[in-house]
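**Student:** Pasted the sequence and its predicted model underneath.
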Amino acid sequence: MMKRLITLFFLTAICFAQNKDSLSYYEKQFNPAIYDIKDLIFPKKFITDEDAQVISGYRVQILVTTQLDSANTVRNLAQSILSQSNFQSQKVYIIYEPPNYKVRVGDFEKLEEASLMRKFLVENGFKFAWIVNDRIKKR
């Protein structure tokens, strides 16, 4: 019995010894003085090209619904109509603002461009399309 206790003690000591693989070894080695405090408090944000290119502009909204399936159906329909027109470079977005899903078309910097898109969408079956202010991706 005594041999088992001694063996268990040594195995425990070996398992919890502070070698270079243990976390507590590295915690004791940590020296915050070598780091710039500004980097610790205010870490640098990685800015992507997409983040840098967001501006205020216009989109054409064609649907507001509480049903995601309806929003996806309308988005797919609008995307297929756009792909067969001069507006094929424009994207169709679903924006979720609880409890509604909003389907919006395009990224327009000028109101006149959004008006042309609205007219096109009304002529192609989206009779209640309207222009909204939104954050857009600059082209």
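**Tutor:** Here it is on my side, so go on.

**Student:** for this protein, which spans come out with low pLDDT?
**Tutor:** 1-27, 29-52, 139 (pLDDT under 70).

**Student:** Who are the packing partners of the longest strand seen in the chain?
**Tutor:** The longest strand of the chain (DSSP state E) is strand 54-65. On a contact count with 3 or more C-beta pairs under 8 Å, 6 or more residues apart in numbering; DSSP states H and E, strand 54-65 meets helix 68-83, strand 100-108, helix 111-123, strand 130-137. In this view, the C-beta of every residue, glycine as well, is placed from N, C-alpha and C.

**Student:** strand partners of the shortest one, parallel vs antiparallel please.
**Tutor:** Next to strand 130-137 in the sheet, as set by DSSP bridges, lie strand 54-65 (antiparallel).

**Student:** Strand 100-108 and the strand it pairs with, what's the angle between them?
**Tutor:** In terms of direction (axes from the mean of the first three to the mean of the last three C-alpha atoms, to 10 degrees), strand 54-65 departs from strand 100-108 by 140 degrees.
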